[in-house]
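Asks: any chance you can model this:
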Amino acid sequence: MDNQFDFKKAERISLHREIGRLFEQGKVFISHPLRVVYLEQKPFSGATVSILISVPKKKIKLAVERNRMKRLIREAYRLNKTNLIKSLQEKDSGLLIAFLFIENKVCRWDTIEESMQKAIKILMEKTE
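Replies: The predicted structure is shown next:
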């Protein structure tokens, strides 16, 4: 039985052609401290939504801090994705999403989660 809070490998964007298409044709909005690039398309992996998370070395110098931010963003997505996935499944649609961290310093969990909730709400509105 699939748990609604799982985060499987199929939910990650890994194909270069998907990444390229996402950044070439995708639409962008900002939910500070995240820049969100999204493209309405069924991912090749078969998942309803596939994501990519990026924390640039230029913004966060230490690898430990970059990895922590990626973990926080991934966890915030994992806990808040259910409504987005349900609404997309009803329309038999899919999404490719890139979450790009744009802040110059490490953020706290509550900031990341609030930003993720706002981003998912905007995504649901834009894909209706």
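Asks: got phi/psi on D92?
Replies: Main-chain torsions, D92, degrees, to the nearest 10: phi 50, psi 50.
Asks: how close does it get to I19?
Replies: 24 Å (Cβ to Cβ, to the nearest Å). Heads up, the C-betas are built off the backbone N, CA and C, glycines and all.
Asks: neighbour count for those two, which is higher?
Replies: Ranked by neighbour count (other Cβ atoms under 10 Å), D92 and I19 place I19 first, with 14 against 8.
Asks: check which helix or strand covers that one.
Replies: In this assignment (DSSP states H and E), I19 forms part of helix 16-25.
Asks: so what does that helix touch, helix or strand wise?
Replies: For helix 16-25, the packing partners by 3 or more Cβ pairs under 8 Å, 6 or more residues apart in numbering; DSSP states H and E come out as strand 34-40, strand 49-54, strand 95-101.
Asks: can you lay out the ones you listed as TSV showing distance to F7?
Replies: Shown next, in TSV, are the helices and strands packed on helix 16-25 (distance: least, Cβ to Cβ, whole Å):
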stretch	distance to F7
strand 34-40	17
strand 49-54	9
strand 95-101	13
